[in-house]
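Undergrad: The following block contains a protein sequence and its predicted model.
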Amino acid sequence: MLEWSKAAPAIGAAFLASLVEVVEAFTIVLVVATLRGWKPAVLGTGAALATLAAVVVILGPLLDQVPLHLLQLVIGVLLLLFGIGWLRKASLRAGGILPLHDEDAIFAKESAELSADIQRQKTSQDWIAGIAAYKAVLLEGLEVIFIVIAVGAGRGMLWPASLGALAACALVLVIGAIAHRPLSKVPENTLKFGVGVMLSAFGVFWTGEGLGVEWPGQDLALFVFAGLFLIAGLMSARMVRRPVLEVTP
Amino acid sequence: MSILKDVLSELFKMFVSDARLTAAILAVVAGTAVLTRGTSLSPLVGGLALLVGCIAVLIVAVRREARDRRRQTSR
């Protein structure tokens, strides 16, 4: 029987993080489909999904061989590096230091780059477009796999975390198929802020457990950590935001 | 080979986007390991040091990056 207090953070973190990654991959696949048609886009995406499935099939069973504390420590440290990196960037965006992530702008930039690539290369144009889709889906997919393993492997929550990621993929595919344009309405910057908070909280939790810390309240400690990282992220954004100067007439 | 190189480079950047941030986080984890494994203190003390250390690293990293970027744009 699934314990929701344990499963909810894993499902939520996997869903939100995957949503961000899948939206990014979808933008590139849409660039390929717009420039060269759906055939290279679907072939590239399919090949990438097959590669990702092979990675899971080959590496998945190895996870069971690693001692639990070592697994928690390694994943925890990687999550800290990944999560705090995301949160730092999200805070800088919220503070106006970095420009906000804009899927429409990325769509235009990727279209121009791929068009230039196609013009330059002498190989088949569909092949270049297919490779672009393959690379985008493979890279974002690897991040999704890492996130699912990271939030799920430490406590036997791999299946719930995978379901969260799959739900995100399904949602993006359905909305993307209906909208047929980059999903610029997805509040990606806010999502990245939230995901950075969750991954950092998981990172502290697993690293601590890997080093033998028994957190008071067990899994509930995750919510406390998330709250503290949220406050720290918002505070950092506020600290670096430039004050708006009022000009008196 | 170019695809493999790109994938490996992206994977590396996933975890090491900023070398100073990475070094600071690893230093906090190493300090926590010393506190939990190398002293007679309760492991929870190490855990709290980890939490506080990571939050401090985040705040310092954001402020430092903002300061560096402002310096670059003002030049």
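TA: Looks like it arrived, so ask away.

Undergrad: Might one say that residue A:205 is in contact with residue A:76?
TA: Yes. Counting by C-beta atoms under 8 Å, residue A:76 is a contact partner of residue A:205 at 7.2 Å. Every C-beta, even on glycine, is put in place using the N, C-alpha and C of the backbone.

Undergrad: Show me which of these two is the more surrounded one.
TA: Neighbour count, other C-beta atoms under 10 Å in any protein chain shown: between residue A:205 and residue A:76, residue A:205 has more, with 29 against 24.

Undergrad: what does the model give the more buried one for pLDDT?
TA: Here, the pLDDT recorded for residue A:205 equals 94.

Undergrad: Kindly provide the distance from it to chain B.
TA: 9 Å (C-beta to the nearest C-beta, to the nearest Å).

Undergrad: buried sites along the lengthiest helix in chain B?
TA: Identified as the longest helix of chain B according to DSSP state H is helix B:43-74. In terms of neighbour count (16 or more other C-beta atoms under 10 Å in any protein chain shown), helix B:43-74 has its buried residues at B:43-44, B:46-47, B:49-51, B:53-55, B:57-59, B:61-66.

Undergrad: ok, and of the residues you listed, which contact chain A?
TA: B:43-44, B:46-47, B:50-51, B:54-55, B:57-59, B:61-63, B:65-66 (C-beta under 8 Å from any C-beta of the partner chain).

Undergrad: need the contact list for the spatially most central residue of chain B.
TA: For chain B, the residue sitting closest to the mean C-alpha position, by C-alpha atoms, centre = their mean, is residue B:25 at 2.9 Å. Taking C-beta atoms under 8 Å, 6 or more residues apart in numbering or on different chains, we find residue B:25 in contact with A:77, A:80-81, A:84, B:54, B:57.

Undergrad: Turn those residues into CSV, columns for distance to residue A:197 and pLDDT.
TA: Output for the contacts of residue B:25, formatted as CSV (distance: C-beta to C-beta, whole Å; pLDDT from 0 to 100):
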residue, distance to residue A:197, pLDDT
A:77, 18, 93
A:80, 13, 94
A:81, 15, 93
A:84, 10, 94
B:54, 12, 96
B:57, 15, 96
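
Undergrad: Just give me the closest of those residues to residue B:11.
TA: Among these, residue A:81 lies closest to residue B:11 (C-beta to C-beta), at 11.8 Å.

Undergrad: Pretty sure that closest one sits against residue B:15.
TA: Yes. With contact defined as C-beta under 8 Å, residue A:81 reaches residue B:15; the gap is 4.3 Å.

Undergrad: what's the least confident helix or strand in chain A, going by average pLDDT?
TA: helix A:103-120 (a mean of 74; mean pLDDT, DSSP states H and E).
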